[in-house]
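J.: please find the sequence and the predicted model below.
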Amino acid sequence: MIDVPVLIVGGGPVGLTASIYLSHFGIPSLLVERHPGTAILPKARGLNARTMEMYRQIGLEAPIRAVAMPARFGQMILWSESLAGAEIKRLQPGRGTGANQVLSVAANCGCSQDLLEPVLRQRAETAGPGQLRFHTELTRLDLSPDGARAVLQDAMGGRDEVRARYVIAADGAQSRIRAQLGIERRGERDVYDSVNIHLLADLRPWVDERPAALYLVEQPELRGTFMTINGTDRWGFLVTSLSHYGFTPEQFTPEFSAEIVRRAVGVPALDIEVLGVGAWKASALVAERYRDGPVFLAGDAAHEMPPTGGFGLNTGVQDAHNLAWKLAAVLHGQAGEALLDTYDAERRPVGEAVTRSSLLNALSMGRTSRQAEPVLPRKEFLNEIGLIFGARYVSAAVLPDGQALPAGDPVQDYTPSATPGCRAPHAWVQQAGAKVSTLDLLGREFVLLTAPQGSAWREAAAALPAPRIHSVVIDGDDPEATTGWQALYDIDADGAVLVRPDGHVAWRSRSGAGNDGAAVLSAALDAVLCRSAAGSAR
Ligand SMILES: Cc1cc2nc3c(=O)[nH]c(=O)nc-3n(C[C@H](O)[C@H](O)[C@H](O)COP(=O)(O)OP(=O)(O)OC[C@H]3O[C@@H](n4cnc5c(N)ncnc54)[C@H](O)[C@@H]3O)c2cc1C
């Protein structure tokens with residue numbers, strides 16, 4: 001019998017990210033993945049800026065960018081009758097504009113899933129040696145009040161039993177764990193069907209002068225999208241709304257797939273090698289609950305959405321980020337079990353919002369019927385700055401301070417704010433003689449951001465028992481910053497902001513600590529960690 005605090009089922013991007021973060025927070029885990037290796041099809045490519053901020057904080061930004069597509073391809077998407085034919089429209093995604101890039105220290109990144117996953121796997125293996133088992137399937141899961149017992153079967157016929165306190169079900173859209181628990185999903189099933197063709201072909205003559213992340217092809221008999229992988233010879237091609245155009249997935253042999261790609265390029269003699277073909281159906285479904293006892297659904301197991309908007313993977317890895325520090329705090333004995341309920345309270349509304357938006361994008365692009373004319377997307381498509389940065393958590397793990405957020409469209413609008421529950425905003429500041437982003441000061445522990453005049457809050461933090469609050473003194477604003485960090489965070493010079501390990505604001509005091517700073521901060525931490533009394537987690 002193997003005993004482990006957390007069993008992770010599924011070695012896709014979400015399971016791998018959960019493994020990395022649990023190691024980061026000092027919790028051993030065991031990840032099982034039934035396939036022998038990581039993804040072989042490109043699938044997701046768009047890592048949004050919030051995801052890149054997250055990976056930056058654990059030193060993964062550079063290795064991911066090293067395998068990503070050249071950044072110049074991220075500035076545009078383009079419609080045409082064929083790649084070599086008449087151009088219909090160009091669009092600059094709002095996410096990539098300079099105005100929006102000042103919102104973050106980490107720009108978005110186009111990295112196909114088959115290149116991302118090996119980077120994640122390598123980090124997970126380094127951070128937790130022996131904790132990943134590929135070619136191993138979870139075949140049975142029994143739950144009890146104190147955790148779960150699982151049976152694992154490996155490809156060599158080996159069988160193991162595992163006892164785990166908690167289980168992360170990152171087992172994808174068809175999650176058997178979700179089905180076993182009887183968790184229903186709400187939304188729309190099988191909105192449209194598609195095949196994903198992974199291919200080698202030198203498309204430089206048609207893309208070099210007009211680099212784009214997506215090249216959408218609109219023909220009366222074929223609609224599809226070239227997805228840029230390296231910008232030269234490796235591409236993904238999605239045939240969309242398959243059945244509406246009279247296709248069936250079974251038709252897509254390598255020969256037929258190559259023929260369809262030639263039609264989309266508009267060059268009948270083009271040399272193409274088809275590397276793989278995957279059929280799939282786009283659905284917009286969200287689980288009615290993300291937690292059942294010791295089991296937490298994460299990623300596609302919790303929310304399945306059309307790829308129009310590029311949110312599936314991003315939302316999933318951000319689930320893992322939200323869940324990992326909470327599991328760690330409970331397992332380290334620093335938080336009450338109720339903290340784990342805030343995972344559902346915080347992440348399910350996000351899953352619902354991005355799934356709805358991705359569906360509306362797909363509908364606006366005419367994905368659910370045959371189109372006589374090109375159909376261009378609604379204005380929100382790839383302008384979802386609000387969904388990327390603007391999630392404001394409302395749960396027991398946040399202490400509200402009464403400030404309302406400015407009104408705006410939650411999909412497209414984002415106003416940086418340190419109101420409790422929001423992502424701590426990015427600002428360039430001076431710290432210990434260096435120019436840094438506020439986001440680079442966050443990540444492992446609870447962090448108390450203060451100016452030099454905030455010494456009373458720092459002393460209060462130093463007096464508290466575990467978990468340690470890491471106090472940071474921000475010396476001042478970067479000389480080139482347009483808005484000072486205290487104005488952005490809306491605190492006075494002697495105020496303080498407490499940021500959770502996932503970068504969301506837990507608590508804020510606009511002014512100084514007074515005489516009872518230690519008691520105030522202690523009560524705040526007790527509340528946020530769902531502890532009934534100081535120092536007591538149960
Ligand atoms: C064409 C396409 C384009 C996309 N584009 C984007 C994009 O631009 N941006 C974006 O964010 N998302 C995009 N997505 C979505 C993205 O691919 C998914 O959201 C992502 O793969 C979900 O990750 P996951 O880890 O939750 O699930 P998965 O990647 O499905 O991984 C689940 C894993 O669990 C394993 N598993 C299941 N059951 C068991 C078991 N019993 N035992 C052991 N292992 C098990 C499976 O083998 C699988 O490897 C796209 C998807 C498609 C199809």
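T.: Okay, I see it. These numbers were taken from a predicted model, which means no experiment stands behind them.

J.: CA atoms for contacts and neighbours, from now on please.
T.: OK.

J.: contacts for the longest helix anywhere in the chain, please.
T.: The helix that spans the most residues within the chain, counting by DSSP state H, is helix 341-364. Under the contact criterion CA atoms under 8 Å, 6 or more residues apart in numbering, helix 341-364 has outside partners 284-286, 289-291, 302-311, 315, 319, 322-323, 368, 375-378, 380-381, 387, 391, 393-397, 411.

J.: kindly export stretch 401-418 (C-alpha atoms) in CSV.
T.: In CSV, the C-alpha atoms belonging to stretch 401-418 read as follows (Å, rounded to 0.1, in the frame of the first residue of the first chain):
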residue,chain,number,x,y,z
ASP,A,401,-13.1,45.7,3.0
GLY,A,402,-16.3,47.2,1.6
GLN,A,403,-14.8,48.6,-1.6
ALA,A,404,-16.9,48.0,-4.7
LEU,A,405,-15.2,47.5,-8.0
PRO,A,406,-15.8,50.0,-10.9
ALA,A,407,-18.7,48.9,-13.1
GLY,A,408,-17.7,47.4,-16.4
ASP,A,409,-18.1,44.5,-18.8
PRO,A,410,-16.7,41.5,-16.9
VAL,A,411,-15.5,40.0,-20.2
GLN,A,412,-13.7,42.9,-21.8
ASP,A,413,-13.0,45.4,-19.1
TYR,A,414,-10.3,45.3,-16.4
THR,A,415,-9.5,48.0,-13.9
PRO,A,416,-6.5,47.0,-11.8
SER,A,417,-7.5,46.8,-8.2
ALA,A,418,-6.2,45.4,-4.9
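
J.: what does Gly85 show for phi and psi?
T.: Torsion angles at Gly85 (phi, psi; degrees, to the nearest 10) stand at phi -100, psi -160.

J.: what is the mean pLDDT for the helix or strand hosting Ser19?
T.: Assigned by DSSP states H and E, Ser19 falls within helix 13-24. This predicted structure assigns helix 13-24 an average pLDDT of 98.

J.: which strands and helices sit next to it?
T.: strand 2-9, strand 29-33, helix 113-127, helix 312-331 (3 or more CA pairs under 8 Å, 6 or more residues apart in numbering; DSSP states H and E).

J.: let me have those in TSV, extended by mean pLDDT.
T.: Converted to TSV, the helices and strands packed on helix 13-24 look like this (pLDDT from 0 to 100):
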stretch	mean pLDDT
strand 2-9	98
strand 29-33	98
helix 113-127	98
helix 312-331	98
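
J.: and the closest residue to Ala432 other than its chain neighbours, what does it touch?
T.: Leaving aside its sequence neighbours, Ala432 sits nearest to Asp475 (CA to CA, 6 or more residues apart in numbering; 7.0 Å). Listed by CA under 8 Å, 6+ apart, the contact partners of Asp475 are Val429, Gln430, Gln431, Ala432, Ala451, Pro452.

J.: list the contacts of whichever strand or helix holds Leu138.
T.: Element membership of Leu138, judged by DSSP H and E, is strand 136-144. Here strand 136-144 makes contact (CA under 8 Å, 6+ apart) with 9, 32-36, 148-155, 177, 294.

J.: partners of that strand in the sheet?
T.: When sheet partners are counted by DSSP bridges, strand 136-144 sits next to strand 147-154 (antiparallel).

J.: and after the partner strand, which helix or strand comes next?
T.: Beyond strand 147-154 toward the C-terminal end (DSSP H and E), the next one is strand 159-169.

J.: can you check what angle separates that next one from strand 2-9?
T.: Using axes from the mean of the first three to the mean of the last three CA atoms, to 10 degrees, the interaxial angle of strand 159-169 with respect to strand 2-9 works out to 50 degrees.

J.: what's in contact with the helix or strand bottoming out on mean pLDDT in the chain?
T.: Across the helices and strands of the chain, mean confidence by mean pLDDT, DSSP states H and E is lowest for helix 98-101: a mean of 71. For helix 98-101, the external contacting residues (CA under 8 Å, 6+ apart) are Gly94, Arg95, Ala107, Ile385.

J.: so what's the model's average confidence on the longest helix of the chain?
T.: The pLDDT scores in helix 341-364 average 98.

J.: next, see if it gets close to the ligand.
T.: No: no part of helix 341-364 sits near the ligand under the criterion CA under 6 Å from any ligand atom; the closest distance found is 10.5 Å.

J.: alpha carbons only: can I get that helix in CSV?
T.: Taking Å, rounded to 0.1, in the frame of the first residue of the first chain, the C-alpha atoms of helix 341-364 are listed here in CSV:
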residue,chain,number,x,y,z
ASP,A,341,-14.6,24.5,0.2
THR,A,342,-13.4,27.9,-1.1
TYR,A,343,-12.0,26.1,-4.2
ASP,A,344,-15.5,25.5,-5.5
ALA,A,345,-16.7,29.0,-4.3
GLU,A,346,-13.9,30.7,-6.2
ARG,A,347,-13.2,28.6,-9.3
ARG,A,348,-16.7,27.5,-10.3
PRO,A,349,-17.9,31.0,-11.1
VAL,A,350,-14.8,31.5,-13.2
GLY,A,351,-15.4,28.2,-15.0
GLU,A,352,-19.0,29.2,-15.7
ALA,A,353,-18.0,32.7,-17.0
VAL,A,354,-15.3,31.6,-19.4
THR,A,355,-17.3,28.7,-20.6
ARG,A,356,-20.3,31.0,-21.4
SER,A,357,-18.0,33.4,-23.2
SER,A,358,-16.2,30.7,-25.2
LEU,A,359,-19.6,29.4,-26.3
LEU,A,360,-20.8,32.9,-27.3
ASN,A,361,-17.6,33.3,-29.4
ALA,A,362,-18.3,30.0,-31.2
LEU,A,363,-21.9,30.8,-31.9
SER,A,364,-21.0,34.3,-33.2
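
J.: SS state for Gly26?
T.: When the structure is split into helix, strand and coil by DSSP: H, G, I helix; E, B strand; the rest coil, Gly26 lands in coil.

J.: oh, I was asking about Gln412
T.: Secondary structure for Gln412, judged by three-state DSSP, is coil.

J.: cheers, nothing more for now.
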